[in-house]
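1. predicted structure and sequence below. I'll ask about it afterward.
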Amino acid sequence: VQLQASGGGSVQAGGSLTLSCAASGRTFSSYVMGWFRQAPGKERDFVATIRWSSGGLGYADSVKGRFTISRDNAKNTVHLQMNNLKPEDTAVYYCVAWREVAVNTKYWGRGTQVTVSS
């Protein structure tokens, strides 16, 4: 599984960014895909996921109502629309994928930096 993330950058608080993750190497119908993030000095934390088969969504409480995850089936791509960004959203964001039946085997993309200034 190869995951290619794009779309990071720098914005002011209240701004928006969209991250994208293009997946290849497998048929992803039985996969969960999403995003984690890691701020300096902190652990990597869950942000949002989407189940490829059902479209079921999951969000961390800290981003509910501000972030939206979606998928493009034709392009095997997952998007993370981030609105009303806050300085505490500053982190390296990682695209991730795993089979629904093998949650302990995760595939990671290279991180993309998101910086939100106050």
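-> Everything's here; your move. Residues are numbered from 1 along each chain as shown.
2. excluding sequence neighbours, find me the nearest residue to Tyr93.
-> Excluding its sequence neighbours, the residue lying closest to Tyr93 (Cβ to Cβ, 6 or more residues apart in numbering) is Arg37, at 4.8 Å. For the C-beta atoms, the positions are set from N, CA and C on the backbone; glycine is no exception.
3. so the one you found is in which element?
-> For Arg37, the host element (DSSP states H and E) is strand 31-38.
4. so what touches stretch 2-18?
-> With Cβ atoms under 8 Å, 6 or more residues apart in numbering as the test, stretch 2-18 has contacts from 19-25, 79-87, 93-97, 107-118.
5. report the mean per-residue pLDDT for that stretch.
-> For stretch 2-18, mean pLDDT is 97.
6. ok now it, how far from the chain's centre?
-> Relative to the mean C-alpha coordinate of its chain, stretch 2-18 is positioned 10 Å out (Cα atoms, centre = their mean, to the nearest Å).
7. alpha carbons of it, in CSV - could you do that?
-> In CSV, the C-alpha atoms belonging to stretch 2-18 read as follows (Å, rounded to 0.1, in the frame of the first residue of the first chain):
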residue,chain,number,x,y,z
GLN,A,2,1.4,3.4,-1.0
LEU,A,3,-0.1,6.6,0.4
GLN,A,4,0.8,10.0,-1.0
ALA,A,5,-0.4,13.0,1.0
SER,A,6,-0.5,16.6,-0.1
GLY,A,7,-2.1,19.9,0.8
GLY,A,8,-0.4,21.0,3.9
GLY,A,9,0.7,24.6,4.5
SER,A,10,0.4,27.6,6.7
VAL,A,11,-2.7,29.6,7.5
GLN,A,12,-3.9,32.0,10.1
ALA,A,13,-6.4,31.0,12.8
GLY,A,14,-9.9,30.7,11.3
GLY,A,15,-8.6,29.7,7.9
SER,A,16,-9.0,26.6,5.9
LEU,A,17,-6.9,23.9,4.3
THR,A,18,-7.6,20.7,2.5
